[in-house]
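Peer 1: quick one: sequence and predicted model below, then my questions.
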Amino acid sequence: MHTPDPMTQPGFYTSVPIKRLGAWVVDILVITLICLVLTPFTGFLSIFVWAPFWLMVSFLYRWATLAGGSATWGMRLMAIELRDNEGQRLTGGLAFAHTLGYSVSIALAVLQVISVVLMATSARGQGLTDMALGTVAINRRLSGRY
């Protein structure tokens, strides 16, 4: 099984770029909330190293949620999920690689801009990390299969 063809099965890709943006906003809020909840457990020291703390929590959140269901909580709310080039859910290793690629693209603004443009213009709505790994975000069906 492979990922759906955007020419013959466009429904899998309908509105996915805007849903990815919505999912990203939800995930930013969830990660920030997790950080705020964890801050007292750091003896409030995380306040002094907020950016690295937030980035670490973000990486772990994204990796765990992608490995556990091929979608972050924001993606689940927006009814999209990531699939590998065979149409399967992400493995833990591929979820790690996807999270690492996302983190690198966020760290280098030019890569993130290129990635966003690609998501908005490519037939499968793939960003740089998706293209490098062969992953794709698609609309989730209730059956979990396509």
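Peer 2: Arrived safely, thanks for sending.

Peer 1: for the protein, which spans come out with low pLDDT?
Peer 2: Where the chain drops to pLDDT under 70, the residues are 1, 142-146.

Peer 1: any idea which helix is longest in it?
Peer 2: As assigned by DSSP state H, the longest helix anywhere in the chain is helix 16-38.

Peer 1: state the distance from Arg76 to Ser70.
Peer 2: Taking CB to CB, to the nearest Å as the measure, Arg76 falls 9 Å from Ser70. The way it works is simple: take the backbone N, C-alpha and C, and place the C-beta from them, glycine included.

Peer 1: how close does the residue of the chain positioned farthest from its centre sit to Phe59?
Peer 2: Within the chain, the residue lying farthest from the chain centre (CA atoms, centre = their mean) is Gly43, at 30.3 Å. Gly43 sits 22 Å away from Phe59, taking CB to CB as the criterion.

Peer 1: surely Ser115 and Leu108 touch.
Peer 2: No: here Ser115 lies out of contact with Leu108, judged by CB atoms under 8 Å, at a distance of 10.0 Å.

Peer 1: between these two, point out the one with more neighbours.
Peer 2: Ranked by neighbour count (other CB atoms under 10 Å), Ser115 and Leu108 place Ser115 first, with 20 against 11.

Peer 1: what lies in contact with stretch 89-109?
Peer 2: Stretch 89-109 is contacted by residues 55, 58-59, 62-63, 66-67, 69-70, 81-84, 111-112, 115, 127-130, 132-133, 135 when judged by CB atoms under 8 Å, 6 or more residues apart in numbering.
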